[in-house]
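Undergrad: Based on what follows, work out the 3D shape:
(2 chains)
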There are 2 protein chains.
Amino acid sequence: MTAQPMTTTAQIRRAGIQDSATVRELLLELAEHEHTAHAVHASVDDWARMLADPAVVVLVAHIDGRPVGYVSGVRQLNLWMGHDILAMDDLYVRAEARDRGIGGELMAALAEHAGRDQLLVTWGVREDNEAGHRFYRRLGATLRTKVVAAWQPAAYAGYVRDRGRE
Amino acid sequence: MTAQPMTTTAQIRRAGIQDSATVRELLLELAEHEHTAHAVHASVDDWARMLADPAVVVLVAHIDGRPVGYVSGVRQLNLWMGHDILAMDDLYVRAEARDRGIGGELMAALAEHAGRDQLLVTWGVREDNEAGHRFYRRLGATLRTKVVAAWQPAAYAGYVRDRGRE
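TA: Model (predicted):
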């Protein structure tokens, strides 16, 4: 027998500049959970600037006034489609608030946001996050495996320099 | 014995609004080559608008005045880093101009563009494109496998609607 997840309705609202520290704290928690805290460089000041950017959307879920999770994304131009899409960045629910349907509530809130302009929503999921894959498939997302490349400034500077020596 | 690729120096220049039709033609050729022409929706007018956007960079390689390939990308805000990265979209060289090092020249030109602001460059590669993986690794890029999700407006509208019925 599997217990049905308890559903709690969280209050979800879009983060503004005043939520910079909260958003950064939640992001750092997520990154620590994923052992990728080294990849977080955005300061509270960066977040104040980013949250003032209308292309950035961060929706924070609260229970009893306490932030318990968030979903974030950036509206981006897609050159193949010729218009914007919404690139989702993170979906995170704090440990004490999991298994209550809050992830699904955050995704529904993001869908409502994206739906205003009928934006395609895309995001990446770790290959080993099978629970995540199942969750997103249940929402109606289509998943495929892709190779993602990153080219650091030092690496491409080396490439350009070595070409010049040929 | 493996033949050394012949190296031809192409003229590479950044596309402007006047190149909208050329860029769209090259992109359609790439998409047909990859059997993904159905995913191309950007019209020549869309391209004129996109090429006027300073966040969009399309570098076109020419030999004897004829366009033979391009690399494209969009400068995008990264929420973890707190600043922009350059998301590369396409790298394409026409069949008649392959094996002459033009792909490498285009990547070097993109590196010079990204290097002005020391932007990390990222892109996706098809999982089965092993020649592409080797090419990008030789350039110094790091590759990893990821699951990429897409959530279409009709799919998320269905999800939001079904939640309302629970």
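
Undergrad: Show me what counts as buried in the lowest-mean-pLDDT helix or strand in chain A.
TA: Using mean pLDDT, DSSP states H and E, helix A:153-165 stands out as the lowest-scoring helix or strand of chain A, at a mean of 93. Residues A:155, A:156, A:157, A:159, A:160 are the ones in helix A:153-165 that count as buried (16 or more other CB atoms under 10 Å in any protein chain shown). To be clear about C-beta, it is placed using only N, CA and C from the backbone, and glycine gets the same treatment.

Undergrad: any chance of the residues you listed in JSON lines, with distance to residue A:38 too?
TA: Converted to JSON lines, these look like this (distance: CB to CB, whole Å):
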{"residue": "A:155", "distance to residue A:38": "17"}
{"residue": "A:156", "distance to residue A:38": "21"}
{"residue": "A:157", "distance to residue A:38": "21"}
{"residue": "A:159", "distance to residue A:38": "24"}
{"residue": "A:160", "distance to residue A:38": "26"}
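
Undergrad: Assign a three-state SS to the residue nearest the centre of chain A, would you?
TA: By CA atoms, centre = their mean, chain A has its centre lying nearest to residue A:90, at 1.8 Å. Per DSSP: H, G, I helix; E, B strand; the rest coil, the local secondary structure of residue A:90 is strand.

Undergrad: close enough to count as contact, residue A:94 and residue A:63?
TA: No. Between residue A:94 and residue A:63 there is no contact under CB atoms under 8 Å: 9.5 Å.

Undergrad: quick one: contacts for residue A:146?
TA: Taking CB atoms under 8 Å, 6 or more residues apart in numbering or on different chains, we find residue A:146 in contact with B:124, B:125, B:126, B:127, B:145, B:146, B:147, B:148.

Undergrad: And residue A:24, how far from residue A:68?
TA: Residue A:24 sits 16 Å away from residue A:68, going by CB to CB, to the nearest Å.

Undergrad: Looking at these two now, which is surrounded by more residues?
TA: residue A:68 (23 against 20; other CB atoms under 10 Å in any protein chain shown).

Undergrad: ok, so what distance separates the spatially closest residue to that one that is not a sequence neighbour from residue A:26?
TA: In space, and not counting its chain neighbours, residue A:68 is closest to residue A:97: 3.7 Å by CB to CB, 6 or more residues apart in numbering or on different chains. Distance from residue A:97 to residue A:26, counting by CB to CB: 11 Å.

Undergrad: Other residues contacting the least confident helix or strand of chain A?
TA: Identification of contacts with helix A:153-165 by CB under 8 Å, 6+ apart yields B:104, B:107-108, B:111-112, B:114-115, B:118-121, B:139-142.

Undergrad: May I see the ChimeraX selection of the buried members of the residues you listed?
TA: Of these, the buried ones can be selected in ChimeraX as follows, counting by 16+ other CB under 10 Å:
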select /B:104,107,108,111,114,119,120,121,139,140,141
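
Undergrad: which two from the contacts of helix A:153-165 end up farthest apart in space?
TA: Between any two of the contacts of helix A:153-165, the greatest separation by CB to CB is 21.0 Å, found for B:104 and B:118.

Undergrad: Bridged to residue A:150, which residues?
TA: Note on residue A:150: beta-bridge partners residue B:122, residue B:142, judged by DSSP bridges.

Undergrad: Give me the number of neighbouring residues for it.
TA: Using other CB under 10 Å, residue A:150 is surrounded by 15 other residues.

Undergrad: can you give me the helices for chain A?
TA: Using DSSP state H, the helices found in chain A span residues A:20-33, A:44-51, A:102-115, A:130-138, A:153-165.

Undergrad: what would these look like in a markdown table with distance to residue A:86?
TA: Formatted as a markdown table, those follow (distance: least, CB to CB, whole Å):
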| stretch | distance to residue A:86 |
| --- | --- |
| helix A:20-33 | 17 |
| helix A:44-51 | 15 |
| helix A:102-115 | 5 |
| helix A:130-138 | 15 |
| helix A:153-165 | 28 |
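
Undergrad: What residues sit buried inside the longest strand along chain A?
TA: For chain A, the longest strand by residue count, based on DSSP state E, is strand A:66-78. Buried residues in strand A:66-78, defined by neighbour count with 16+ other CB under 10 Å: A:67, A:68, A:69, A:70, A:71, A:72, A:73, A:74, A:75, A:76, A:77, A:78.

Undergrad: same thing with stretch A:33-45?
TA: By 16+ other CB under 10 Å, the buried positions in stretch A:33-45 come out as A:40, A:42.

Undergrad: pLDDT on it, on average?
TA: Stretch A:33-45 comes out with an average pLDDT of 93.

Undergrad: and that stretch, how far apart are its ends?
TA: 23 Å (CA to CA, to the nearest Å).

Undergrad: Surely the residue nearest to the centre of chain A touches residue A:27?
TA: Yes. Taking CB under 8 Å as the definition, residue A:90 is a contact partner of residue A:27 at 6.6 Å.
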